[in-house]
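S.K.: below are the sequence and a predicted model; questions follow.
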Amino acid sequence: MELHVWSPVKSAFSLEPTCLASVYLCELHSSETKLIQSSNASFTSDYRLPVLCLPKDEFISSFYDICAYLLPEIDEKDTAFISYLLRISRVAYSQLFIPGNYEVVRSQITQHTAFPLQYTVPLKLKKDAYEFTTNKLKLYLNIANDFLKQWEKPLDEYLADMQTLPPSFIFLGSILIILCLDLPKNETKAFVEEHPDLVKLKDSLQAVRISGKSTESRVSGRTLKYALHSVVT
């Protein structure tokens, strides 16, 4: 199998939270999966990543559907938490493109984007980032932190055996990794660090060694025009 995700940013394997979560999910539960930072979303009609490519030209897209394929036993509580975390995911993603972070992130996106979208795509993402606020993100994270404390087992028990980590925890940890990237304007990093459980989850997930083979490839301007646009619409 192959997992296609958006290109990396700074120390994160992928710049988009659901892609990063899918990478960790495959690493913990499907280590034979080849991880590909292709930024190629042409596999599906809605031009979205992540996409898990199966034999016989079958494709599974979205973090939730990949979870359901790799972990059929996913329960309703996990499903509900994943649905909630999608809101945080969009806000977290937008933080990459606010003024102060934009130039750093743009320089990395352009390495994987065909001309002339090296310029137009980052500008579109920057414009869309204004929809979200840091205050909203802090509220979402407070609620997510409360969710961690209401689970069946204490967080430490899950972290002692990472393969028992619920998919929603993997998703939250991936969002936190994006939020704590070393970027010039990062008002949320200090806020995350005020919550010990969030820090513990982030650090434990980040310590998972991504051993899958990764490759990078450029794709057509037409593909990226629709694919990257769809991430923030």
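M.R.: Structure's in. What do you need?

S.K.: beyond the helix of greatest length in the chain, next helix or strand please.
M.R.: Ranked by residue count, the top helix of the chain under DSSP state H comes out as helix 76-94. Sequence order places helix 102-109 as the next helix or strand after helix 76-94, per DSSP states H and E.

S.K.: what is that following helix packed up against?
M.R.: When contacts are defined as 3 or more CB pairs under 8 Å, 6 or more residues apart in numbering; DSSP states H and E, helix 102-109 packs onto helix 117-129. (C-beta placed from N, C-alpha, C; glycine too.)

S.K.: Lys189 against Leu176, yeah?
M.R.: No. Assessed by CB atoms under 8 Å, Lys189 is found out of contact with Leu176, at 9.6 Å.

S.K.: relative to Leu137, how far out is the nearest residue to Gln108 once chain neighbours are set aside?
M.R.: The spatial neighbour of Gln108 that comes closest, neighbours along the chain excluded (CB to CB, 6 or more residues apart in numbering), is Val9 at 5.2 Å. In this view, Val9 and Leu137 are 18 Å apart by CB to CB, to the nearest Å.

S.K.: so how far is stretch 146-157 off the chain centroid?
M.R.: Relative to its parent chain, stretch 146-157 has a centroid offset of 22 Å by CA atoms, centre = their mean, to the nearest Å.

S.K.: convert that stretch to PDB, retaining C-alpha atoms only.
M.R.: Provided in PDB are the C-alpha atoms of stretch 146-157 (Å, rounded to 0.1, in the frame of the first residue of the first chain):
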ATOM      1  CA  ASP A 146     -11.000  17.700  28.800                       C
ATOM      2  CA  PHE A 147     -11.800  14.800  26.400                       C
ATOM      3  CA  LEU A 148      -8.500  13.200  27.200                       C
ATOM      4  CA  LYS A 149      -9.400  13.100  30.900                       C
ATOM      5  CA  GLN A 150     -12.700  11.400  30.200                       C
ATOM      6  CA  TRP A 151     -11.400   8.400  28.300                       C
ATOM      7  CA  GLU A 152     -11.600   4.800  29.500                       C
ATOM      8  CA  LYS A 153      -8.000   4.700  30.700                       C
ATOM      9  CA  PRO A 154      -5.500   7.300  31.800                       C
ATOM     10  CA  LEU A 155      -3.400   8.800  29.000                       C
ATOM     11  CA  ASP A 156      -0.200   7.300  30.500                       C
ATOM     12  CA  GLU A 157      -1.600   3.800  30.000                       C
END
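
S.K.: which residues are in contact with it?
M.R.: If you take CB atoms under 8 Å, 6 or more residues apart in numbering as the criterion, stretch 146-157 is touched by 77, 81, 84, 158, 164, 166, 168-169, 172, 197-198, 200-201.
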